[in-house]
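1. got a structure for you, letters missing:
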């Protein structure tokens, strides 16, 4: 299950979470965001209990988008121990995202 996060709960749900986390910065109007959402839903089931997948709507939560300098979406930011470690920009295939997840495990 992909967890929806906001500006208000980002610290608790992402930065202070005890597993590595990928955050999908997206918006409802963003067509390239849809395939990323499908991939993160699939991977969230596969890596359940080992890795967390979240999504943040940049239109409704501008503070985190500004903090992490999100200029283009979809953007996946990968966090470990509260730090942004890696990223993936654009509608990339699963074969690009999976190794980034594996590298944080």
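-> Cool, the structure landed. Remember, it's a predicted structure, so these values are computed and weren't measured experimentally. Numbers count the residues shown, from 1 in each chain.

2. Give me the distance from the lengthiest helix in the chain to the chain's centre.
-> Scanning the chain for the longest helix, with DSSP state H as the assignment, gives helix 33-46. Its chain's C-alpha centre and that of helix 33-46 lie 10 Å apart, by C-alpha atoms, centre = their mean, to the nearest Å.

3. So in that sheet, which strands flank the helix or strand that comes right after that helix, and in what orientation?
-> Using DSSP states H and E, the helix or strand that follows helix 33-46 in sequence is strand 52-57. Within its sheet, and counting by DSSP bridges, strand 52-57 is paired with strand 3-4 (parallel), strand 21-26 (parallel).

4. Can you say which of the ones you listed is packed in most?
-> strand 21-26 (a mean of 25; mean count of other C-beta atoms under 10 Å). Any C-beta I mention is one placed from the backbone N, CA and C, and that applies to glycine too.

5. how many other residues sit next to the residue nearest to residue 10 when sequence neighbours are not counted?
-> Excluding its sequence neighbours, the residue lying closest to residue 10 (C-beta to C-beta, 6 or more residues apart in numbering) is residue 64, at 5.1 Å. For residue 64, the number of neighbouring residues by other C-beta atoms under 10 Å comes to 20.

6. likewise the one 10 residues further on?
-> Using other C-beta under 10 Å, residue 74 has 26 neighbouring residues.

7. give the contact list for it.
-> By C-beta atoms under 8 Å, 6 or more residues apart in numbering, residue 74 lies in contact with 24-26, 30, 32-33, 36, 89-91.

8. Before I go, just wanted to say thanks for your time.
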